[in-house]
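Student: generate a structure from the sequence data that follows.
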Amino acid sequence: MAGLGGPLSLTGCQPQPNPGASSSPNRLVVASKNRIDTVDPGGAYTFGAMQLLSAIGDPLYAINARGELEPRLAVAPPVLSADGLTARVELRRGVRFHDGTPFNAAAMVFSLERFLAIGKLSYLLGDRVSGARAVGPYTLELTLKRPYSALAELLSAVNLTPLSPTAYQRHQKTFLNDRFVGTGPYRLSFFTDQQQRLEPFAGYWGAKPANAGIDLVALSNSTALYGALQSGEVDVLLSTSLEIDQQASLRRRASQGQLREGSGPALEIGYLTLLTDQPPLNDPRLRQAVAYSLDRRTISRRVTLGLRPPLRDLVPPSLKGSDPQAWPGYNPAKARQLYRQAGYCQGKRLTLPLTFRSNIPADKLFALTWQAQLRQDLGDCVELEVTGMEATTAYRQLGEGAFPLILLEWMGDFPDADNYLVPLLGCDQAEGDRCAKGAAAASGSFWARPGLQEDLQRSAALAGPARAALLRRIQRQTAAANPYLPVWLVAPRAWAQRSVSQPRFDGSGRLLLQELQRTGPTPNLGTGR
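Tutor: Residues are numbered from 1 along each chain as shown. Presented below is the predicted three-dimensional model:
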């Protein structure tokens, strides 16, 4: 690609001197463990890719740091027809892509149709929208499959950022993995899976970045990341994949004034999936017993040092429709009673195979901590048989019913309750209380309830208190059956050198790179760990 800047020298596990970062006193290095395979919105789905896209692309709407919806490339909320099946969106004028071509309704239609055709997450749009067309130079019209009250929130998904039709003319059906031409505050000038170089876009329609550019780097492990911040090799460090004890250490340093810390909305949930259509957990009594057997508070304290608070809700508490007390709390006496009713505890012990993702440190700590807690409190009734499996392998087998019990996490692609419940509870083909085809089968629980799919569709069409009440009822009914057990809640965090402004996140959980700026000289921090 012509005009690319040179790659950084900060690679591998051992950070090296980084003269590229000092070429401008206000150019910043932001590090994480996020290797990025593609910068194409159609192929991107990882946290790192979404973070990058949020800096180089613009959505139609955005969730600000206060959790409020605000227009970005749109100028006002969608205007819905009387039947709720047609939405018109007026677009911002005077916006240009990084290649200088104009953004308009035709460009937005091109981008949405391309995403529908090839997007890995195309269901986000395709499950709800059947078509898009330009009804004026700056008027977008969407045809909905059914009324959907969270349409503006859906259109805040960063995957739906517009792309230059000129730049992507030959890539309407294929991914363009290493280049990006959008409308965001930065343009991408260098890309590899480990390093990305962002330059302020001089033609940006909105507020200009407060810095002279960002170098995003991925280091191979948590120790390398921690050491790079300690030694001053990086300016800002994201918490993604950073081990818990190191996160706790950075929090202590921030509380002592040695670093600046910022945190975003807690939108990632950790949860257990229970296989409900095969023994032994096809017995509802045993699923309920397992629910009462989970000591979230102890696990949060011992495994995450309190960084991940206990969760008894599939919808993050910050979102409308959440129900923070939906799932039962820890109660070993009730658990024992249920295990007894199912024929255990009296010389017979239930063996439960628990799978954890071996490449995620907190997962193993969770498994071992819960195993020890059950041995202490309910050892005559239940025993966890703990097995580790690499995450990618586990995901491939999830929809095959391979795991009686597995620890996973989920973060919605846009912040709305619908994007947490449907991916876990949706079912296209149910047979009584078993889901044969659909999201519940793909997620490994295979659980269904008569009328649940209709309730999910009805909740999507409602708004306000009526919608929140129905969402809470759906969760209570799900909690009574326990196909999933919420475990903990995860908030993104970032730590910056004292010479850098405090990191801030938007309402979708992404670091606001454009707000970062150097506020003083970089201190000599040394290399002590």
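Student: residue 394 against residue 360, yeah?
Tutor: No. Using Cβ atoms under 8 Å, residue 394 makes no contact with residue 360, being 10.3 Å away. From N, CA and C alone the C-beta is placed, and that goes for glycine too.
Student: between the two, which one's more packed in?
Tutor: residue 394 (21 against 17; other Cβ atoms under 10 Å).
Student: please name the nearest non-neighbouring residue to the more buried one.
Tutor: residue 357 (5.9 Å; Cβ to Cβ, 6 or more residues apart in numbering).
Student: neighbours of the one you found, just the number please.
Tutor: Using other Cβ under 10 Å: residue 357 sits among 22 other residues.
Student: what does residue 44 give?
Tutor: Neighbours of residue 44 using other Cβ under 10 Å come to 25.
Student: grab the nearest non-local neighbour of the residue nearest to the spatial centre of the chain.
Tutor: In the chain, the C-alpha nearest the mean C-alpha coordinate belongs to residue 411, at 3.3 Å (Cα atoms, centre = their mean). Excluding the flanking residues, the one nearest residue 411 by Cβ to Cβ, 6+ apart is residue 268, at 4.1 Å.
Student: contact partners for the nearest residue to residue 235 once chain neighbours are set aside?
Tutor: For residue 235, the nearest residue in space outside its immediate sequence neighbours is residue 28; the separation is 4.4 Å by Cβ to Cβ, 6+ apart. Going by Cβ atoms under 8 Å, 6 or more residues apart in numbering, residue 28 touches 21, 211, 213-215, 235-236, 500, 516-518.
Student: just give the nearest non-adjacent residue to residue 355, would you?
Tutor: residue 406 is the one closest to residue 355 (Cβ to Cβ, 6+ apart), at 4.4 Å.
Student: strand partners (parallel or antiparallel) of the host helix or strand of the one you found?
Tutor: According to DSSP states H and E, residue 406 maps onto strand 405-411. Using DSSP bridges, the strands paired with strand 405-411 in its sheet are strand 268-274 (antiparallel), strand 350-357 (parallel).
Student: beyond the last one, next helix or strand please.
Tutor: Spelled out, it's strand 350-357. helix 361-378.
Student: show me the contact partners of that following helix.
Tutor: 222, 243-244, 270, 293-295, 298-299, 302-304, 308, 332, 335-336, 339, 354, 356-358, 382-384, 386, 388, 407, 487.
Student: from these, list the buried ones, please.
Tutor: 222, 243-244, 270, 293-295, 298-299, 302-304, 308, 332, 335-336, 339, 354, 356-358, 382, 384, 386, 407, 487 (16 or more other Cβ atoms under 10 Å).
Student: filter the residues you listed down to the ones in strands?
Tutor: 270, 354, 356-357, 382, 384, 386, 407, 487 (DSSP state E).
Student: got JSON lines for these, with distance to residue 33 and pLDDT too?
Tutor: Listed next are those as JSON lines, based on distance: Cβ to Cβ, whole Å; pLDDT from 0 to 100:
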{"residue": "270", "distance to residue 33": "18", "pLDDT": "98"}
{"residue": "354", "distance to residue 33": "25", "pLDDT": "98"}
{"residue": "356", "distance to residue 33": "19", "pLDDT": "97"}
{"residue": "357", "distance to residue 33": "14", "pLDDT": "96"}
{"residue": "382", "distance to residue 33": "35", "pLDDT": "98"}
{"residue": "384", "distance to residue 33": "28", "pLDDT": "98"}
{"residue": "386", "distance to residue 33": "24", "pLDDT": "98"}
{"residue": "407", "distance to residue 33": "19", "pLDDT": "98"}
{"residue": "487", "distance to residue 33": "22", "pLDDT": "98"}
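Student: and the two most separated of those?
Tutor: Spanning the widest gap among these are 357 and 382, at 22.1 Å by Cβ to Cβ.
Student: just the buried positions in stretch 179-189, please.
Tutor: 180-189.
Student: ugh, typo on my part, it should be stretch 204-212
Tutor: 204-205, 209-211.
Student: just put those residues in JSON lines and tack on secondary structure, pLDDT and distance to residue 151.
Tutor: Formatted as JSON lines, the buried residues of stretch 204-212 follow (DSSP: H, G, I helix; E, B strand; the rest coil; pLDDT from 0 to 100; distance: Cβ to Cβ, whole Å):
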{"residue": "204", "secondary structure": "coil", "pLDDT": "98", "distance to residue 151": "26"}
{"residue": "205", "secondary structure": "coil", "pLDDT": "97", "distance to residue 151": "23"}
{"residue": "209", "secondary structure": "coil", "pLDDT": "98", "distance to residue 151": "30"}
{"residue": "210", "secondary structure": "coil", "pLDDT": "98", "distance to residue 151": "32"}
{"residue": "211", "secondary structure": "coil", "pLDDT": "98", "distance to residue 151": "34"}
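Student: tabulate those residues (CSV), appending distance to residue 69.
Tutor: Shown next, in CSV, are the buried residues of stretch 204-212 (distance: Cβ to Cβ, whole Å):
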residue, distance to residue 69
204, 21
205, 19
209, 23
210, 24
211, 27
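Student: ok, so of these, who is nearest residue 81?
Tutor: residue 205 (29.1 Å).
Student: please name the nearest non-neighbouring residue to that closest one.
Tutor: Looking at residue 205 with Cβ to Cβ, 6+ apart, the closest residue is residue 95, at 4.6 Å.
Student: mind listing what residue 142 touches?
Tutor: 78, 86-89, 129, 131-132, 151.
Student: please narrow the residues you listed to those residing in helices.
Tutor: Cross-referencing these against helices under DSSP state H gives residue 151.
Student: looking at the contacts of residue 142, state which has the most neighbours.
Tutor: residue 89 (25 neighbours).
Student: now stretch 247-263, how far from the chain's geometric center?
Tutor: 23 Å (Cα atoms, centre = their mean, to the nearest Å).
Student: again, but for stretch 453-469
Tutor: The answer for stretch 453-469 is 23 Å, by Cα atoms, centre = their mean.
Student: same check, this time on stretch 132-140
Tutor: 31 Å.
Student: report the mean confidence score over it.
Tutor: The predicted model assigns stretch 132-140 a mean pLDDT of 98.
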